[in-house]
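Chemist: show me how the following folds:
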Amino acid sequence: MKKCRFLPILMLIFSPSVCIGQSMGQEEKGNEKNQQEEKQKIDSLEKKVKELEEKLSALEKKSLENEINKEVETSEEETAQGTGKFVSGARALQAQNPEISVTGDIVGRLYINDNFRKKASNETEEEANEHIYSDSSGFDLRILELQFQSNLDPYSFFKTNLGVHGGHFHVCEAYVTWTGLIPRFNLTLGKFRQQFGVINRWHEHALDQVDSPKSLELFFGDEGLSQIGISMKILLPRLWAHANELTIEITNAENSSLFAGEFWSVPSILGHLKNYYDLSKSTYMEIGLSGLWGFNNKRGFSIFNEETQENETRNEPWRSTVVAGFDLNLSWVPPQMSKYRGFTWRTEGMYLWKETEEGIIKALSGFSYIDYRINQVFILGVRVDGGQKPVIGDDREFVQASPYLTIWPSEWVFLRLQYNYLWEKGTKEPQHLVMLQVDFSAGPHKHDKY
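Modeler: Residues are numbered from 1 along each chain as shown. Predicted structure coming up:
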């Protein structure tokens with residue numbers, strides 16, 4: 001009887017918890033069911049979107065095909081009727097035109113003293129007078145250069161430099177270069193400045209100083225070593241340097257300072273080996289060796305015979321010319337500050353051995369200069385030349401010092417102020433020369449060194 005008395009009380013206590021548990025279980029089952037239904041709806045919507053995208057893509061493709069067919073039919077009808085219009089050919093024809101650049105180089109000279117250079121033993125009176133005339137103070141449009149350059153096809157391009165000076169027109173360079181026909185091999189054919197050292201390859205307006213080093217002018221002439229022939233550049237496998245390049249050039253021996261000029265008969269041969277070293281992320285070094293060989297005797301020239309009163313063709317005995325050279329270039333350019341900081345030290349040395357009618361000429365000469373970029377506009381530098389002139393005699397030694405300041409207000413124009421101190425053995429006093437250079441250029445290849 002006592003047990004029955006507590007039974008209702010126990011039922012009242014435990015019945016709510018049982019109900020709560022049952023309701024929670026029902027809610028969880030309901031949530032799972034709702035999530036499954038929502039997932040099914042999402043999958044269904046995604047499937048419908050994908051189907052709509054495919055239908056839209058098909059419609060756009062079909063519409064595009066219809067438009068293309070319509071354009072083709074219209075073009076064919078216009079062509080058949082002779083009413084076709086030229087729309088985009090003008091641009092295509094313009095792209096076929098070569099790239100044209102114009103460079104002007106003006107130099108003003110002021111000689112502090114009138115110490116004119118005396119005539120050398122191997123010069124004519126006419127040549128000596130030309131040098132005396134060139135030693136006069138004044139302004140000179142040294143050259144107006146027209147540059148034409150174009151890619152002919154994927155494997156070749158051409159470049160031509162035409163110069164005008166003093167009313168005379170001459171071809172500075174005109175050559176075609178083939179690249180990519182053979183891996184690691186370039187072939188050039190035409191007239192070009194030869195790869196003896198580094199500086200000889202550059203045009204006057206692209207030099208780091210106003211004038212060419214005196215040692216180069218004495219050895220190769222005022223216009224440098226520029227001849228007609230063939231040049232082969234071979235990128236060698238990595239040997240003792242990070243990169244090795246060999247250049248072999250076979251050209252007409254037309255240089256009158258080294259060879260027989262217009263009376264040449266056998267081509268000259270030049271070789272140059274360049275060795276490149278990466279010293280750091282901002283510093284590299286190049287070391288080069290050069291060699292040049294040819295004949296300087298005249299062949300097939302005409303001379304008047306006083307006895308027979310007739311012109312006779314004569315040939316001089318074979319005489320050789322050999323030039324050996326060494327070049328060193330050390331350059332520092334910070335990767336993130338290349339327009340504002342930079343340093344270059346370049347040195348070249350040459351040795352000449354030349355057979356002449358008067359005897360054998362042996363001469364050693366060279367130059368060295370430092371070029372420092374202060375900021376984006378100003379560059380300071382100094383160059384020193386020295387050695388022996390390639391003539392027979394005792395008065396051959398010379399020394400020249402040339403400090404200079406280059407100002408770049410823009411990439412199209414630069415100005416340069418330079419002072420030359422020249423001492424030559426046998427002269428009474430040194431020569432003092434102040435030069436102002438103004439160089440302007442327009443076109444895609446502004447102030448190219450090559």
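
Chemist: residues near Thr390, how many?
Modeler: Not Thr; residue 390 is Pro. Using other CB atoms under 10 Å, the number of residues around Pro390 comes to 26. For every residue, glycine as well, the C-beta is placed using N, CA and C.

Chemist: spatially nearest residue to it, not counting backbone neighbours?
Modeler: Ala363 (4.3 Å; CB to CB, 6 or more residues apart in numbering).

Chemist: beta partners of the one you found?
Modeler: Bridge pairing for Ala363 (DSSP bridges) gives the partners Leu352.

Chemist: residue ranges for the strands of the stretch 251-400 of the chain, please.
Modeler: If DSSP state E, counting those that start in this stretch is used as the criterion, the strands of the stretch 251-400 of the chain fall at 268-278, 283-295, 299-305, 310-315, 320-332, 342-355, 360-373, 378-388, 397-407.

Chemist: list the buried ones in stretch 322-336?
Modeler: Neighbour counts using 16 or more other CB atoms under 10 Å place 323-325, 327-333 of stretch 322-336 among the buried residues.

Chemist: which of those lies closest to Asp395?
Modeler: Nearest to Asp395 among those is Val323, at 22.0 Å by CB to CB.

Chemist: state the pLDDT value of the nearest residue to the closest one once chain neighbours are set aside.
Modeler: Nearest residue to Val323, sequence neighbours excluded (CB to CB, 6+ apart): Leu292, at 4.3 Å. What the model reports as pLDDT for Leu292 is 97.

Chemist: with Leu10 instead?
Modeler: For Leu10, the predicted pLDDT is 49.

Chemist: again, but for Gly325
Modeler: For Gly325, the model assigns a pLDDT of 96.

Chemist: quick one, what contacts it?
Modeler: 196-197, 288-292, 348-351 (CB atoms under 8 Å, 6 or more residues apart in numbering).

Chemist: neighbour-wise, which one of the residues you listed leads?
Modeler: Phe196 (28 neighbours).

Chemist: just checking, that residue touches Leu289?
Modeler: No. If you go by CB atoms under 8 Å, Phe196 and Leu289 don't touch, sitting 10.6 Å apart.

Chemist: so what touches stretch 253-262?
Modeler: For stretch 253-262, the external contacting residues (CB under 8 Å, 6+ apart) are 219-221, 225-228, 264-268, 292, 294-299, 321, 323, 354, 390.

Chemist: please pull out the lowest mean pLDDT helix or strand from this structure.
Modeler: Sorting the helices and strands of the chain by mean pLDDT, DSSP states H and E puts helix 125-134 at the bottom, at a mean of 52.

Chemist: buried stuff in whatever helix or strand comes next after that one?
Modeler: Counting by DSSP states H and E, the element after helix 125-134 in chain order, helix or strand, is strand 138-153. Residues 142-143, 145-149 are the ones in strand 138-153 that count as buried (16+ other CB under 10 Å).

Chemist: can you tell me the SS state at Leu239?
Modeler: coil (DSSP: H, G, I helix; E, B strand; the rest coil).

Chemist: residue contacts, it?
Modeler: Contacts of Leu239 by CB under 8 Å, 6+ apart: none found.

Chemist: what distance do you get for the residue nearest to Val323 to Phe263?
Modeler: Leu292 sits at a distance of 19 Å from Phe263 (criterion: CB to CB, to the nearest Å).

Chemist: my guess is Trp264 contacts Ile228. True?
Modeler: No. Taking contacts as CB under 8 Å, Trp264 lies outside contact range of Ile228: 10.7 Å.

Chemist: the helices in the stretch 51-200 of the chain, which residues?
Modeler: For the stretch 51-200 of the chain, helices defined by DSSP state H, counting those that start in this stretch occupy the ranges 89-96, 125-134.

Chemist: so where is this structure shaky, pLDDT-wise?
Modeler: 1-33, 61, 71-95, 114-135, 304-306, 309, 446-450 (pLDDT under 70).

Chemist: how does it divide into domains?
Modeler: 43-77, 103-442 (automatic domain parsing).
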